[in-house]
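Trainee: Everything below, folded, please.
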Amino acid sequence: MTLIAAISKPLKRKRSRWLTPLIVVGVLLAVSMAMTLLKPGDKGNTDALDPANPGFSGAQGLANVLIDHGVRVTVVRSQRELLNQTIDGATTVVITRTTRLSARTARTALAHSAPAASVVLLDPDPEVTKGMGLPVTSHLADLTDAKAACPTAVVGEDFRLAQGGRAYTPMANASATTTCFPDKSDGGGAMVILPAAELGRPPVILLGDDSLITNGMILDSDNAAIALHLFGQTDRLVWYIPSLADIAPSDSSSRSIAPAWFEPGVALATSAVVFLCLWRGRRLGRLVTEPLPVIVRAIETTESRGRMYRRSRDRSRALAVLQLATRRRLAAYLGVPASSSVSNVAAAAAAVSGRSYHDVLDLLSSSAAHDDSSLLELANTLNALEKEVRRR
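Mentor: Residues are numbered from 1 along each chain as shown. Below is the predicted model of the structure:
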């Protein structure tokens, strides 16, 4: 009956410890494969401000309108391609994605564009303006539906800019400059027009907003008119989109050139590691005591040191250890500071024990131990002194 009952009783199988991690890895692989299979096909160019991008952040709409109006648009996506272009007085050079420029590449681009009718910079930061040597300073701004309010042929005086994220202020040495879309709170304006200068610098137009040319925002306010006036000044347009590959390792930059997904990726990986630690840490269970395989008596250390001193016949060292231990115990018992000299400890011990000061001092500091019997005698005397002090 017992055997039958044992057979009929269901067996409980313990789940393997590696089964749960294996299931988690399998689920992650399945999700990754599903996302890969369900991902829509290639939609073409998706780079922001690119004239080949038909999406919300692209600029294909502006490029097509310019071409329909007879402007020859040449798109270059690296500095090598820009340097291969012939720039003359009938060419407008527009630089977008200016955050991809270093001071060196910005200076090179402006120098090559010196013969151009004008150079248009969209949202250049201080690193670009300083690299090009432009006499302006800039600050972040929050302009909305700003009116041009400037007498210039580039934009109408009543044109309105949907938004502006940066404003520029000409320096004192900048002459004949024109400021449009003024920042009434901090000064300057979202657009500054710098005339041609000596040393081969062409006219430069800085606009502190690059979203006005995107397909999603070009119809807001007068963005379309402003973009057409800036990009269509001449019959030929060289549209320069810098590449991060043009920045050399030796170029110093105050900006981060890490891809946009880097910081979210680091945050996601850190969160995953933290959750993994919490998940695995909870499985450790409560702390339990474990019996030691061997019990070591505390006296064994003292006995071992004694045997070592005896084997080496170092009686002086053994006596010094005994005297040091006795001095420390006496000092603690008598209330004498641990850093006190031997003479102070001897004086306090002599006063309590009734022994003469010189006998106690000689006992606590003498190194005379010629043989084992004399060492043993000194050890017994030290022990007796300590007992006398404690007895009083």
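Trainee: Every contact and neighbour count from this point should use C-alpha atoms.
Mentor: OK.
Trainee: Which neighbouring residues are in contact with residue 88, exactly?
Mentor: Residues in contact with residue 88 (C-alpha atoms under 8 Å, 6 or more residues apart in numbering) are 115, 116, 117.
Trainee: now do residue 97
Mentor: Counting by C-alpha under 8 Å, 6+ apart, residue 97 has contacts 49, 122, 123, 241, 242.
Trainee: Which residue comes closest to the fourth one once chain neighbours are left out?
Mentor: With C-alpha to C-alpha, 6 or more residues apart in numbering as the criterion, residue 241 has its nearest non-adjacent residue at 4.7 Å, and that residue is residue 77.
Trainee: could you measure that neighbour against residue 244, distance?
Mentor: Per C-alpha to C-alpha, to the nearest Å, residue 77 is found 10 Å from residue 244.
Trainee: higher neighbour count, these two?
Mentor: More crowded of residue 77 and residue 244, by other C-alpha atoms under 10 Å: residue 244, with 16 against 13.
Trainee: May I ask you to confirm that that one is in contact with residue 100?
Mentor: Yes - here residue 244 lies in contact with residue 100, judged by C-alpha atoms under 8 Å, at a distance of 5.5 Å.
Trainee: can you count the residues close to residue 270?
Mentor: By the measure other C-alpha under 10 Å, the count of residues near residue 270 is 12.
Trainee: and the helix or strand hosting it, what does it pack onto?
Mentor: Under the criterion of DSSP states H and E, residue 270 resides in helix 262-281. Packing contacts for helix 262-281, counted by 3 or more C-alpha pairs under 8 Å, 6 or more residues apart in numbering; DSSP states H and E, involve no helix or strand.
Trainee: Give me the most central residue, the chain.
Mentor: In the chain, the residue lying closest to the centroid (C-alpha atoms, centre = their mean) is residue 263, at 9.1 Å.
Trainee: per-domain residue ranges of this protein.
Mentor: Following automatic domain parsing, one gets these domains for the chain: 60-247, 299-391.
Trainee: Any chance of JSON lines for those domains, columns distance to residue 27?
Mentor: Converted to JSON lines, those look like this (distance: least, C-alpha to C-alpha, whole Å):
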{"stretch": "domain 60-247", "distance to residue 27": "37"}
{"stretch": "domain 299-391", "distance to residue 27": "57"}
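Trainee: which of the ones you listed sits most buried?
Mentor: Mean neighbour count (mean count of other C-alpha atoms under 10 Å) peaks for domain 60-247 among the domains of the chain, with a mean of 19.
Trainee: avg pLDDT for it?
Mentor: Per-residue pLDDT over domain 60-247 has a mean of 93.
Trainee: and if you look at stretch 384-392?
Mentor: Stretch 384-392 shows a mean pLDDT of 82.
Trainee: coming back round to it: nearest to residue 64, of the contacts of residue 97?
Mentor: Using C-alpha to C-alpha, residue 49 is the member of the contacts of residue 97 that sits closest to residue 64, with 13.5 Å.
Trainee: Leaving out the residues flanking it, which one is nearest to the closest one?
Mentor: Distance criterion C-alpha to C-alpha, 6+ apart; nearest residue to residue 49, sequence neighbours excluded, is residue 58 at 4.6 Å.
Trainee: show me the contacts for that neighbour.
Mentor: Contacts for residue 58 (C-alpha under 8 Å, 6+ apart) come out as 46, 47, 48, 49, 50, 51, 52, 214, 215.
Trainee: Let me know the helix or strand that the fifth one is in.
Mentor: Okay, so that is residue 50. Per DSSP H and E, there is no helix or strand for residue 50.
Trainee: The first one too?
Mentor: Element membership for residue 46 (DSSP H and E) is empty, with no helix or strand holding it.
Trainee: Go ahead and confirm it touches residue 53.
Mentor: Yes - taking C-alpha under 8 Å as the definition, residue 46 is a contact partner of residue 53 at 5.4 Å.
Trainee: More neighbours: the two, which one.
Mentor: residue 53 (21 against 16).
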